[in-house]
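Chemist: Below are the sequence and a predicted model for it; my questions follow.
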Amino acid sequence: MSVAATSFALFAASQVGTPGPANMALLATGARYGFRAALPFVAGVALGKQLVIWPVGYGLMQLADGAPWLFDTLKWVSAAYIIWLAWRVANLRLDTDAKVQAPGFLAGLIVHPLNPKAWAMITAGFTAFTAPETPVFQATLTIAAILLAVQVVLHPLWTYGGERLARTVAGTPRERYLMWSLAALTVATVVFVLFGGATL
C-alpha cells in the first residue's frame, strides 16, 4: 500500500491521545460546560483538522518551501491564539448553572488550523508514512480518514474526562487551581511544539 496505514494509525493515536493544545481545550470545555453541551465543539475540533489535511496534501508544503515565512507567521499566530484560549480557561469557573453558552461547532472548527501540533502531525503523515509515488488524492484521503477515525474516538474521551474531573472540584477551593493548571498545561504544550523540535 502506498500509505503505511497501520503505522500511521498508531502514530496518529499516539499524537491525538496525548496532551496538546486541542486536547487541553477539550478537557477544559468538558470541565466547564459538561460533556453533552460540549459535543458541538468536539465535532468542530474533529472536523477542523480536515481544513489542514487537504491543503497540505494538495501542495501547501511546496508553497512553504518557496515562502517559509508563511509558516513562521502561522506558528506565532497559532501560539497567540492558543495562549489566549488558555487565559480564558484560567479565568473560567465550573459553575454549571451559569448562563454562558458553551463554545459551538464553529469555535471548535478553528482550533486545529491554529494548532501547531496538528500541522506537525499532518506534515509527518505525508513525509514519513507516504511513498513518493502515491497519488495525491489517495494519500490525502487515507491520512484524512485515519485521523478523523482516531479523533472520533479520542476527542470525546478528553471532553468526558474534563466533565468527570470537574465533578470532583466544582465549588471547592481546588477549582481555581484546576483551571490554572489546565491553562498552564495548554501554554506548555504550545511552547514544547514551538521550541521542542517539532516544526510545521
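Modeler: Yep, it's here.
Chemist: what about the residue nearest to Gln138 when sequence neighbours are not counted, distance to Gly104?
Modeler: What sits nearest to Gln138 in space, not counting adjacent residues and going by C-beta to C-beta, 6 or more residues apart in numbering, is Ser2, at 6.3 Å. In this view, the C-beta of every residue, glycine as well, is placed from N, C-alpha and C. Applying C-beta to C-beta, to the nearest Å, the value for Ser2 to Gly104 is 37 Å.
Chemist: what separates the helix or strand Ala118 falls within from the chain centre, distance-wise?
Modeler: Here Ala118, judged by DSSP states H and E, is contained in helix 116-128. With C-alpha atoms, centre = their mean, to the nearest Å as the basis, helix 116-128 stands 12 Å off its chain's centre.
Chemist: Now the element after that helix, going C-ward?
Modeler: According to DSSP H and E, the helix or strand after helix 116-128 is helix 136-169.
Chemist: Tell me what angle that following helix forms with helix 116-128.
Modeler: 150 degrees (axes from the mean of the first three to the mean of the last three C-alpha atoms, to 10 degrees).
Chemist: Mind giving me the packing neighbours of helix 136-169?
Modeler: Under the contact criterion of 3 or more C-beta pairs under 8 Å, 6 or more residues apart in numbering; DSSP states H and E, helix 136-169 touches helix 5-16, helix 21-33, helix 35-48, helix 50-55, helix 116-128, helix 174-195.
Chemist: any idea which of those is most buried?
Modeler: Highest mean neighbour count of those: helix 21-33, a mean of 27 (counted as mean count of other C-beta atoms under 10 Å).
Chemist: and it, what does it pack onto?
Modeler: Taking 3+ C-beta pairs under 8 Å, 6+ apart as contact, the helices and strands that helix 21-33 lies on are helix 35-48, helix 68-90, helix 116-128, helix 136-169, helix 174-195.
Chemist: and those, which one's lowest on average pLDDT?
Modeler: Mean pLDDT across the helices and strands packed on helix 21-33 is lowest at helix 68-90; the value there is a mean of 68.
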